[in-house]
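*Asks:* Model the structure of this input:
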Amino acid sequence: MASNTVTIVKKVTVGTPIKSVSAGAFSITNIAGVNLTGVKSGSMMVYDASANAGQGEFLVDSDMSNIYTEINGGTF
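*Replies:* Numbering: from 1, shown residues only. Below is the predicted model of the structure:
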């Protein structure tokens, strides 16, 4: 059972940011464990625990013909 958490903010300062952040050359292909080989319109990203020598990897797939395919969005 989730517990109730209360956050108390003691001070808020509005002003000029002390640091700027840049996205740079971000791309999903730069993330380790993501393989977009074969991506096409209608593809979805799925996790395959047995891929990448047992390390697991996110792959793209558009084939939903397997009768055992289950999409579970979880509980939120």
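
*Asks:* Tell me which stretches of the protein form strands.
*Replies:* In the chain, strands defined by DSSP state E lie at 34-35, 44-48, 57-61, listed in chain order.

*Asks:* Distance from the chain centre to the last one, please.
*Replies:* For strand 57-61, the separation from the chain centroid amounts to 12 Å (computed by C-alpha atoms, centre = their mean, to the nearest Å).

*Asks:* Not counting that strand itself, show me its contacts.
*Replies:* Outside strand 57-61, the residues that touch it by C-beta atoms under 8 Å, 6 or more residues apart in numbering are 33-39, 43-48, 51. The way it works is simple: take the backbone N, C-alpha and C, and place the C-beta from them, glycine included.

*Asks:* If we use 6 Å, what do you get?
*Replies:* For strand 57-61, the surrounding residues in contact (C-beta atoms under 6 Å, 6 or more residues apart in numbering) are Gly33, Val34, Asn35, Leu36, Gly38, Val39, Ser43, Met45, Val46, Tyr47, Asp48, Ala51.

*Asks:* okay, the residues you listed in a markdown table with neighbour count, distance to Thr16 and pLDDT next?
*Replies:* Supplementary listing: the contacts of strand 57-61 in a markdown table, determined by neighbours: other C-beta atoms under 10 Å; distance: C-beta to C-beta, whole Å; pLDDT from 0 to 100:
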| residue | neighbour count | distance to Thr16 | pLDDT |
| --- | --- | --- | --- |
| Gly33 | 12 | 38 | 82 |
| Val34 | 14 | 36 | 84 |
| Asn35 | 15 | 42 | 82 |
| Leu36 | 13 | 39 | 84 |
| Gly38 | 10 | 47 | 82 |
| Val39 | 16 | 41 | 84 |
| Ser43 | 14 | 43 | 82 |
| Met45 | 13 | 39 | 83 |
| Val46 | 13 | 44 | 81 |
| Tyr47 | 10 | 42 | 83 |
| Asp48 | 12 | 46 | 83 |
| Ala51 | 15 | 46 | 80 |
